[in-house]
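Peer 1: Could you work out the structure for the sequence below:
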Amino acid sequence: MTLVTSIKNSMTSPYVTKQNESVSDDVVWHNSTVTHQDRVQQKQQKPVVLWFTGLSGSGKSTVANAVESKLLSLNKHSYLLDGDNVRHGLNKDLGFSDTDRVENIRRIGEVAKLFVDAGSIVLTAFISPFIVDRQQVRDLMDEGQFLEVFIDTPLEICEQRDPKGLYKKARAGEIKHFTGIDSEYQAPINAEIHIETANKSVEECAEQVVKQLAQRGYLHIASK
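Peer 2: Reported below is the predicted structural model:
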């Protein structure tokens, strides 16, 4: 099996995302006195979602963690949403079927949007295997508030690492719907940041991401 299945002629998912029911007329949006721009000015950074996607074992969480450490050293405000950690709380009711994966990403997208509104740089480390679901999260954000970070690691390397022993279990049939084995992974077509990890250290990968943030103007804004 190849590393990924690139979907270049279709942006559709084989699974339909369940649409939210209409918000009740009794629920009214409350505008805060402190605005999004107030928070941005306070933090002196341009808020954005860094959406790390890739196969299990590709290094998403490891690289994202290293990036957050670098941002902290630069006195930037950030928060890392890790796939496994979120499943301990917010998404503990979801399994790993393709339908549940879609809902998992939908919820994370909404949480990430709140962090962006707060003025933070939010890093998310999720396999997020379907192009259409990642696009739906992008569509939640304003222009420039979503950067897709493709952690591109060959499947054979991911299996060699296998830090949680999941590939071994998937190959033995003990885990079903495992991405890259019996569940599809749709690689990003035009990710803003493309990290090929096979011949790079974690430090080099993290530095590449931070440099991209700096070059794109996310790490500093002019004061009023």
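
Peer 1: can we go C-alpha only for contacts and neighbour counts from here?
Peer 2: OK.

Peer 1: In the helix or strand hosting Leu213, which residues are buried?
Peer 2: Using DSSP states H and E, Leu213 sits in helix 202-215. Using 16 or more other CA atoms under 10 Å as the burial criterion, the residues of helix 202-215 that qualify are Val202, Cys205, Ala206, Glu207, Val209, Val210, Leu213.

Peer 1: who touches the third one in this structure?
Peer 2: In this case it means Ala206. The neighbourhood of Ala206, defined by CA atoms under 8 Å, 6 or more residues apart in numbering, consists of Val63, Ala64, Ala66, Val67, Lys70.

Peer 1: list the contacts for the residue nearest to it when sequence neighbours are not counted?
Peer 2: Nearest non-adjacent residue to Ala206, counting by CA to CA, 6 or more residues apart in numbering: Val67, 4.9 Å away. Shown in contact with Val67 (CA under 8 Å, 6+ apart): Ala206, Glu207, Val209, Val210.

Peer 1: Can you lay out the residues you listed as a markdown table showing pLDDT?
Peer 2: Below are the contacts of Val67 laid out as a markdown table (pLDDT from 0 to 100):
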| residue | pLDDT |
| --- | --- |
| Ala206 | 98 |
| Glu207 | 98 |
| Val209 | 98 |
| Val210 | 98 |
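
Peer 1: any chance of those in a markdown table, with distance to Ile181 too?
Peer 2: Shown next, in a markdown table, are the contacts of Val67 (distance: CA to CA, whole Å):
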| residue | distance to Ile181 |
| --- | --- |
| Ala206 | 28 |
| Glu207 | 31 |
| Val209 | 28 |
| Val210 | 32 |
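
Peer 1: What is the nearest of those residues to Asp38?
Peer 2: Within the contacts of Val67, proximity to Asp38 (CA to CA) peaks at Val210, which comes in at 24.1 Å.

Peer 1: Just to confirm, what confidence does the model report for the residue nearest to Ala206?
Peer 2: Note for Val67: predicted pLDDT of 98.

Peer 1: what's the answer for Val16, then?
Peer 2: At Val16, the model reports a pLDDT of 39.

Peer 1: on that earlier part again, which one (most neighbours) among the contacts of Ala206?
Peer 2: Of all the contacts of Ala206, the highest neighbour tally under other CA atoms under 10 Å goes to Ala64, namely 28 neighbours.

Peer 1: Can you give me every residue that contacts that residue?
Peer 2: The neighbours of Ala64, taking CA under 8 Å, 6+ apart as the test, are Phe52, Leu80, Leu123, Thr124, Ala125, Ala206.

Peer 1: right, and Asp152 touches Ile193 too?
Peer 2: No: between Asp152 and Ile193 there is no contact under CA atoms under 8 Å: 10.3 Å.

Peer 1: More neighbours: those two, which one.
Peer 2: Neighbours of Asp152 and Ile193, each counted by other CA under 10 Å, are more numerous for Asp152; the result is 21 against 18.

Peer 1: Next, the buried residues of the longest helix seen in the chain.
Peer 2: Counting by DSSP state H, the longest helix found in the chain is helix 98-117. Along helix 98-117, these residues count as buried under the neighbour rule (16+ other CA under 10 Å): 98, 100-106, 108-109, 112-113, 115-117.
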